[in-house]
Structures are given as structure tokens and as C-alpha cells.
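> Got a sequence here, can you build the structure:
(one chain, ligands or ions: 1)
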Amino acid sequence: MQEIFLEYKTFIVFLHVISAVVWVGGMIAMRYAAHYSFLEIESPQKRLERIAHALKRLFAIVLPFVIILIVTAIFMIKGYGLSQSDLSPLSHAKEGIWSVMFINLMVMIFRRNRGERFLNEGNMVGAKNQLELIGKVMVPLNIVLGITAIFLGTYLSSSL
Ligand code: HEM
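Numbers count the residues shown, from 1 in each chain. Below is the predicted model:
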């Protein structure tokens with residue numbers, strides 16, 4: 001694994017960085033650009049439908065990059081020998097952040113799917129309950145965690 005990393009280091013780090021850009025940038029665009037636009041839709045049913053649809057597309061786009069992020073991280077852990085180095089606490093911190101972000105994403109996908117089901121059944125209150133927490137808490141939490149991971153990445157990059 002170390003040989004592969006050394007051979008393709010630039011490409012592997014590039015994939016790591018672009019994955020973070022798509023994941024974190026996608027959430028910021030959704031929460032702070034698209035979301036405010038959706039709130040202008042007057043019909044509550046249509047508004048929730050658009051939000052559920054946009055979230056479906058966002059999650060489908062980011063999921064492959066979430067996987068690429070962890071695969072490239074594993075290459076870097078092995079390639080740089082991070083677990084045996086002084087930087088291991090930072091590496092573990094980033095692994096922890098990725099894990100929380102991943103679990104949070106899985107719960108968001110579950111809640112979105114349930115919200116869409118409620119919408120199809122005409123249960124507006126249930127759908128709103130499922131979708132509201134995603135926008136108010138879960139996406140902002142992942143944005144903060146993602147930015148923290150990027151900062152730690154910058155620190156790691158300048159310390160390697
Ligand atoms: C899963 C555990 C992770 C590990 C072990 C890890 C490890 C690393 C390492 C070693 C670097 C420096 C690469 C180099 O300069 O050669 C780095 C950079 C970076 N990481 Fe991670 N990372 C992890 C997760 C994440 C997550 C979750 C994000 C964001 C969502 C992220 C975003 C970044 C970014 C943007 C950089 C580039 C920083 C720069 O070059 O200044 N990483 N990461």
C-alpha cells in the first residue's frame with residue numbers, strides 16, 4: 001500500500017482534497033443558497049417536495065466522494081506511517097470526525113427517505129418533522145465538522 005501511495009501520491013492527495021471540496025462545499029451551497037430559495041415557495045407541500053428532491057440529489061452526489069475520502073485517508077495513513085508518528089493524534093481526530101460525519105449522513109439519508117414517504121402518504125406534519133432537523137441541525141453540524149477536518153488537514157500537510 002505504501003508503494004502505491006508513493007507512486008501515486010499527488011493523485012491520491014488530489015482525490016482526498018476534491019472529495020472534501022464536493023462534500024463540504026455541496027452542503028454549504030445547499031444550506032445557505034438553495035435552502036433560502038426553497039423557503040420562497042408558498043405551498044408547504046411543494047416546498048417540502050423540492051427540499052426532499054434536492055437533498056436526494058445532493059446525497060447521491062456526495063456519497064461516492066465520502067467513500068473516496070476514507071479510501072484516500074487510509075492510503076495516507078499507511079503511506080505516511082501516520083499511526084506510528086507524532087501526528088497520530090491528529091490522524092485519529094480526523095478519523096473520528098469522518099466517522100461522525102458519515103453516521104450523520106446515513107441518518108440524514110434515512111430521515112429524508114422517511115420524509116419523502118410521509119409526503120407521498122399526505123402526512124405533511126410527519127414529513128416536516130423528518131426534514132426540518134436535517135436543515136436546522138444535521139447539515140450545519142457536518143459543515144462545522146468538515147471545516148474542522150479541513151483545518152486539521154492543512155495542519156497535517158504543513159507538518160509532514
Ligand atoms: C478519515 C480520516 C482522515 C485522515 C487520516 C486524513 C489525513 C490527511 C492528511 C495526512 C492530509 C495531508 C496530505 C498531504 O499534504 O500530503 C490531509 C489533507 C487534507 N484533508 Fe484529510 N484526512 C482525513 C479526513 C478528512 C476529512 C473528513 C476531510 C474533510 C471533509 C478532509 C479534508 C482534507 C483537506 C481539504 C486536506 C488538504 C489540506 C492541505 O493540503 O492544506 N480530510 N488529510
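> from here on, contacts and neighbour counts on C-alpha atoms
Fine.
> any idea how far the ligand is from Thr154?
Remark: distance between Thr154 and the ligand (Cα to the nearest ligand atom, to the nearest Å) = 3 Å.
> what residues does this protein put near the ligand?
13, 17, 20, 70, 73, 76-77, 91, 94-95, 98, 146, 149-150, 153-154, 156-157 (Cα under 6 Å from any ligand atom).
> From these, list the buried ones, please.
Buried members of the residues of the chain next to the ligand, counted by 16 or more other Cα atoms under 10 Å: 13, 17, 20, 70, 73, 76-77, 91, 94-95, 98, 146, 149-150, 153.
> Inside helices: which ones of these?
Mapping those onto helices (DSSP state H) picks out 13, 17, 20, 70, 73, 76-77, 91, 94-95, 98, 146, 149-150, 153.
> got the CA positions of the least confident helix or strand in the chain by mean pLDDT in CSV?
Ranked by mean pLDDT, DSSP states H and E, the helix or strand of the chain with the weakest confidence is helix 2-7, at a mean of 92. The C-alpha coordinates for helix 2-7 follow below in CSV (Å, rounded to 0.1, in the frame of the first residue of the first chain):
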residue,chain,number,x,y,z
GLN,A,2,2.9,2.3,0.8
GLU,A,3,4.5,1.7,-2.6
ILE,A,4,1.2,2.5,-4.3
PHE,A,5,0.9,5.7,-2.3
LEU,A,6,4.4,6.9,-3.1
GLU,A,7,3.8,6.2,-6.8
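> and the most centrally placed residue in the chain, what is it in contact with?
In the chain, the residue lying closest to the centroid (Cα atoms, centre = their mean) is Trp23, at 4.5 Å. Trp23 makes contacts with Val62, Phe65, Val66, as judged by Cα atoms under 8 Å, 6 or more residues apart in numbering.
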